[in-house]
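Trainee: Need a 3D model of the following:
(2 chains)
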Amino acid sequence: DMQMTQSPSTLSASIGDRVTITCRASQSISIWLAWYQQKPGKAPKLLIYKASTLESGVPSRFSGSGSGTEFTLTISSLQPDDFATYYCQQYKSHRTFGQGTKVEIK
Amino acid sequence: EVQLVESGGGLVQPGGSLRLSCAASGFTFSSYSMNWVRQAPGKGLEWLSYISGSSTTIYDADSVKGRFTISRDNAKNALYLQMNSLRVEDTAVYYCAREANIEGATLPDNWGRGTLVTVSS
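Mentor: Purely as a prediction, here's the structure:
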């Protein structure tokens, strides 16, 4: 079974900080990786697909990179609206989510 | 506007059954694959099941294989999840999610607000 491992589990940061979240796949998934943002009590929102393509309407401060088994989500300058939990998801073989990274206020 | 509205959640005893529904609107339902995803209280997202637009392809996570069954009725624009032999650990918010074909592959792009299932005696 495919496993997705995110790090860190929790990240404390301040407004304006550059933030990086890592996601590792247990086997190669090429570029078939998406990132979602979820706020408390809300449904997940698609941010990035194909590892690095920004979904329409997503601010350009979000970026994704990687291929194979290692991927990153970067927020270049953290804004108040960005405090949330972020999930990676592979869609090469069925679907598998990472365990999530909570970005909280420092 | 894409709308997905889940229903059918509630309190059920261990060993019991429940059928969740997801009403879809704002898009041609039969042209899209669909998923069920759940989230236990305070936990992460867990993908459960996938069904293609014509119901010819179904995938299930190992954690629910043999207990949960995904199905759809394209005439009613509805997605279903039949859940049997429910366990306390199945307590979660259950989301339906549409799969969109984006640049050569499909992935979940729109989600409902979820319905809460509580399994407890």
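Trainee: and chain B, which residues reach chain A?
Mentor: B:35, B:37, B:44-47, B:50, B:59, B:61-62, B:95, B:102-109, B:111-114 (C-beta under 8 Å from any C-beta of the partner chain). The way it works is simple: take the backbone N, C-alpha and C, and place the C-beta from them, glycine included.
Trainee: try it again with 6 Å
Mentor: Remark: the part of chain B in contact with chain A comprises B:Gly44, B:Leu45, B:Trp47, B:Tyr59, B:Ile102, B:Glu103, B:Ala105, B:Leu107, B:Asp109, B:Trp111, B:Arg113, using C-beta under 6 Å from any C-beta of the partner chain.
Trainee: And for the nearest residue to B:Arg113 once chain neighbours are set aside, the neighbour number?
Mentor: The shortest distance from B:Arg113 to any non-neighbouring residue, by C-beta to C-beta, 6 or more residues apart in numbering or on different chains, is to A:Ala43 (5.8 Å). Neighbour count of A:Ala43, defined by other C-beta atoms under 10 Å in any protein chain shown: 20.
Trainee: and what of B:Val2?
Mentor: If we define neighbours as other C-beta under 10 Å, then B:Val2 has 14 of them.
Trainee: For it, give me its contacts.
Mentor: B:Gly26, B:Phe27, B:Asn110 (C-beta atoms under 6 Å, 6 or more residues apart in numbering or on different chains).
Trainee: can you do 10 Å?
Mentor: B:Ala24, B:Ser25, B:Gly26, B:Phe27, B:Tyr32, B:Arg98, B:Ala100, B:Asp109, B:Asn110, B:Trp111, B:Gly112 (C-beta atoms under 10 Å, 6 or more residues apart in numbering or on different chains).
Trainee: Surely the fourth one and B:Glu1 touch.
Mentor: Yes - between B:Phe27 and B:Glu1 there is a contact under C-beta atoms under 10 Å: 9.0 Å.
Trainee: any residues in contact with both of the two?
Mentor: B:Asn110.
Trainee: didn't A:Lys39 look like it was pressed against A:Pro80?
Mentor: No - counting by C-beta under 10 Å, A:Lys39 sits too far from A:Pro80 to count as a contact (11.8 Å).
Trainee: can you redo the contacts of B:Val2 as JSON lines with pLDDT?
Mentor: Below are the contacts of B:Val2 laid out as JSON lines (pLDDT from 0 to 100):
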{"residue": "B:Ala24", "pLDDT": "98"}
{"residue": "B:Ser25", "pLDDT": "98"}
{"residue": "B:Gly26", "pLDDT": "97"}
{"residue": "B:Phe27", "pLDDT": "96"}
{"residue": "B:Tyr32", "pLDDT": "96"}
{"residue": "B:Arg98", "pLDDT": "97"}
{"residue": "B:Ala100", "pLDDT": "91"}
{"residue": "B:Asp109", "pLDDT": "91"}
{"residue": "B:Asn110", "pLDDT": "95"}
{"residue": "B:Trp111", "pLDDT": "96"}
{"residue": "B:Gly112", "pLDDT": "96"}
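Trainee: returning to what we had before: could the residues of chain B next to chain A be laid out in TSV, adding secondary structure and neighbour count?
Mentor: Below are the residues of chain B next to chain A laid out as TSV (DSSP: H, G, I helix; E, B strand; the rest coil; neighbours: other C-beta atoms under 10 Å in any protein chain shown):
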residue	secondary structure	neighbour count
B:Gly44	coil	16
B:Leu45	strand	26
B:Trp47	strand	23
B:Tyr59	strand	17
B:Ile102	strand	16
B:Glu103	coil	9
B:Ala105	strand	16
B:Leu107	strand	24
B:Asp109	strand	19
B:Trp111	strand	23
B:Arg113	coil	14
